[in-house]
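Visitor: Based on what follows, work out the 3D shape:
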Amino acid sequence: MEHSKKLSEPVAVLDLGSSAIRFLIGQQTEQGDWRILDKGENSLSLGKDVFGSGYISSATARKAIDILRGFKEVMAGYGIKRYLVVGTSALREARNRDGFIDRILINTGIEVQVLSGVEANQMTYLAVESSLSPVLPALKRNNVLILEVGGGSTEVMLLKKGRLVASEVLNIGSVRYLERITEEAGMSQWAGTNYISLQTHRLLEGLARKVGLKKISCLVALGTEVRLALEFLEADREENYQIIRRERFHSLIEEFRLLTVDEVALRLNVPYGDAELFLPGLIIYDTFFEFIKVDQIIVPDISIREGLLQGVVMAPEEIRELFREQILASCRGVAQRYAAGEDHYEYVRDASLLIYDVLWNELGLEKRHRLLLEAAAILHDIGSYISGRGHHKHGAYLVNNAEIFGLNNKDKKILAQMVRYHRKSKPQQNHEGFGSLDRVSRLTVQKLSAILRIADALDRSHTQRINIRKIYFEGRNMVFLTDFTGDLTLERFSLQEKADLLEEVFGFQISLRSQGIPI
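Guide: Predicted coordinates for the structure are as follows:
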């Protein structure tokens, strides 16, 4: 990097992973590039504790506190004011997570944020997009699978022609599998690696049924084990990434199957703890490679921490706007999975946005809520996949349990309630999901659901025959003008049925007019 480029103030990120605590310190240039100032890692048996017993031991907690104290000293040396400390799969699953995080805060002053799987995927995607910018145009013409195998989970993102259509987090990882193998007394290394391959393959079959993994032409792989393997693979070096061949990768695994953990540690020049995770991690990658049958793998020179650096300097609103199309593509992927009618939900989406923009001065909402309304319009009917009866409730359940790229848990809870109230009863304080939201979120649900109900009512026939030419006001009467001149009895009845929430929230009544004539 040229020294003439103006650098911002340094920022830092630290990741409490399943096998180690890793940190990264960097400065961003005016061009958006990153200059890495320092990085390092310390082994920590967080995953062994959690995946074995479900709890973080006192000894592990004490070691984590000591490591974080040292991290604070390193940051002080660089004069760092902005930093982010996160935990991923092991910390997500720890039963004593809250107590562990509280001990860290009290003893170090550091607040640890637990990333959901979707949030981790988002940061990984930020890093990949930056690293692979030279080849992104070519990748956007193909179907791409982005894969990061960690200690406790494996993050998978599927892009079709540049659009992210699925984001999943699988409960497979090198530490998790190692703990399962250890529990099976007497299991040989050969049997253990076969077990990993078999279990991974079973999960992949389920993933393929869920999101579709056909015609993948490129696989982008991240993670500690695959980067360690690069030293022994005759990879083609490009700017910011390397390309490895599947056959050579598979041969490397066969070589390392014959080695003991001590021999692996010696050959890799890594601690024993890292060495025992090397082969399990590679087996997971190799199973993916074999399953989707790609010929080459792209390995970027980055990890989730580069994405986290970007996340530190970007406001949440900037990140959400950056991922707007990817978020909507992810929602459309979920809608397609549950056989929602595309023509109908796209009509409802367009109508919802038209109403939202007309009511903007009445809403008192933030820019991000327009995106949530779009997402709800796309997903509002997915519950019909389970049953037409009560599909609004089924839809809320599916949204709550879906992996929607780019939306945090709070956004998803609001989105689920909007789907819940797109029909039937209005939001009620004693309804479990709605009542558990904070006051501001409840108001958001009411306002956006009121809009969604009207948009859905306009296409009650699911034929998209009502073209809304204009929306205007006559006092407190909100007039929808259409050029359709046929029978509008069905839409009129549907609007009367669903307009109650909009009138309650905004004080407007609804009229539907054709050629200027009230009907």
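Visitor: outside of the helix or strand residue 410 falls within, which residues touch it?
Guide: If you go by DSSP states H and E, residue 410 is part of helix 409-420. For helix 409-420, the surrounding residues in contact (CB atoms under 8 Å, 6 or more residues apart in numbering) are 116, 368, 372-373, 375-376, 379-380, 382-383, 392-393, 395-397, 399-400, 402, 404, 407, 427, 431, 433-434, 436-437, 441, 444-445, 448-449, 452. (Each C-beta comes from the backbone N, C-alpha and C, glycine too.)
Visitor: now swap in stretch 228-243 and tell me
Guide: 131-132, 134-135, 244-245, 248-249, 252, 255, 268, 270, 274, 278, 282, 296-302.
Visitor: mean confidence score for it?
Guide: The average of the pLDDT scores along stretch 228-243 is 84.
Visitor: Quick one: end-to-end length of that stretch, please.
Guide: 14 Å (CA to CA, to the nearest Å).
Visitor: Give me the buried stretch members for that stretch, please.
Guide: Judged by neighbour count (16 or more other CB atoms under 10 Å), stretch 228-243 contains these buried residues: 228, 229, 233, 235, 241, 242.
Visitor: ok, and the closest non-adjacent residue to the last one?
Guide: Closest residue in space to residue 242, ignoring its immediate chain neighbours: residue 235 at 4.0 Å, by CB to CB, 6 or more residues apart in numbering.
Visitor: Could you do residue 479 as well?
Guide: The shortest distance from residue 479 to any non-neighbouring residue, by CB to CB, 6+ apart, is to residue 511 (4.8 Å).
Visitor: Pull the contacting residues for the one you found.
Guide: By CB under 8 Å, 6+ apart, residue 511 lies in contact with 474, 477, 478, 479, 480, 518.
Visitor: which residue is nearest the middle of this protein?
Guide: Centrality entry for the chain: nearest residue to the mean C-alpha point is residue 118, 2.2 Å, by CA atoms, centre = their mean.
Visitor: Could you name the helices and strands sitting against the helix or strand where that residue lies?
Guide: Assigned by DSSP H and E, residue 118 belongs to helix 117-131. With contacts taken as 3 or more CB pairs under 8 Å, 6 or more residues apart in numbering; DSSP states H and E, helix 117-131 sits against strand 143-149, strand 154-160, strand 163-170, strand 218-222, strand 296-300, helix 304-313.
Visitor: Could you check the angle that helix makes with helix 304-313?
Guide: Helix 117-131 and helix 304-313 meet at an angle of 90 degrees, taking axes from the mean of the first three to the mean of the last three CA atoms, to 10 degrees as the criterion.
Visitor: Let me know whether residue 120 touches residue 157 as I believe.
Guide: No - the criterion here is CB atoms under 8 Å, and residue 120 misses it with residue 157 at 10.6 Å.
Visitor: Share the number of residues neighbouring the closest residue to residue 281 other than its chain neighbours, please.
Guide: Nearest non-adjacent residue to residue 281, counting by CB to CB, 6+ apart: residue 225, 3.0 Å away. Per other CB atoms under 10 Å, the neighbour tally for residue 225 reads 22.
Visitor: residues in contact with residue 225?
Guide: Residue 225 touches 149, 174, 277, 278, 281, 282, 285, counting by CB under 8 Å, 6+ apart.
Visitor: quick one on the thing from earlier: now do the buried residues in the helix holding residue 410.
Guide: Neighbour count says helix 409-420 has 411, 412, 413, 414, 415, 416, 417, 418, 419, 420 buried, by 16+ other CB under 10 Å.
Visitor: Over to stretch 430-446?
Guide: 433, 434, 437, 441, 442, 443, 444, 445, 446.
Visitor: Looking at those residues, which are in strands?
Guide: Within the buried residues of stretch 430-446, no residue falls in strands by DSSP state E.
Visitor: Redo the residues you listed as JSON lines? Include pLDDT.
Guide: Output for those, formatted as JSON lines (pLDDT from 0 to 100):
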{"residue": "433", "pLDDT": "90"}
{"residue": "434", "pLDDT": "93"}
{"residue": "437", "pLDDT": "93"}
{"residue": "441", "pLDDT": "94"}
{"residue": "442", "pLDDT": "95"}
{"residue": "443", "pLDDT": "95"}
{"residue": "444", "pLDDT": "96"}
{"residue": "445", "pLDDT": "96"}
{"residue": "446", "pLDDT": "96"}
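Visitor: Taking those residues, tell me the two that lie furthest apart.
Guide: Largest separation among these by CB to CB: 433 and 443, giving 15.2 Å.
Visitor: Tell me the spacing between the residue nearest to residue 281 and residue 256.
Guide: Distance of residue 225 to residue 256, given as CB to CB, to the nearest Å: 10 Å.
Visitor: Need the overlap of contacts for those two.
Guide: With CB under 8 Å, 6+ apart as the test, residue 225 and residue 256 both reach 278, 282.
Visitor: burial measure for the residue lying closest to residue 306 once chain neighbours are set aside, as a count.
Guide: Leaving out its chain neighbours, the residue that sits closest to residue 306 by CB to CB, 6+ apart is residue 127, at 3.9 Å. Other residues near residue 127 number 24, with proximity taken as other CB under 10 Å.
Visitor: can you check residue 486 too?
Guide: By the criterion of other CB under 10 Å, residue 486 has 8 neighbours.
Visitor: Secondary structure class of it, three-state.
Guide: Put simply, residue 486 is coil when judged by DSSP: H, G, I helix; E, B strand; the rest coil.
Visitor: Likewise for residue 172?
Guide: Residue 172 - assigned by three-state DSSP - is coil.
Visitor: If the nearest residue to it once chain neighbours are set aside is in a bridge, with which residues?
Guide: Closest residue in space to residue 172, ignoring its immediate chain neighbours: residue 154 at 5.0 Å, by CB to CB, 6+ apart. Under DSSP bridges, the beta-bridge partners of residue 154 are residue 149, residue 170.
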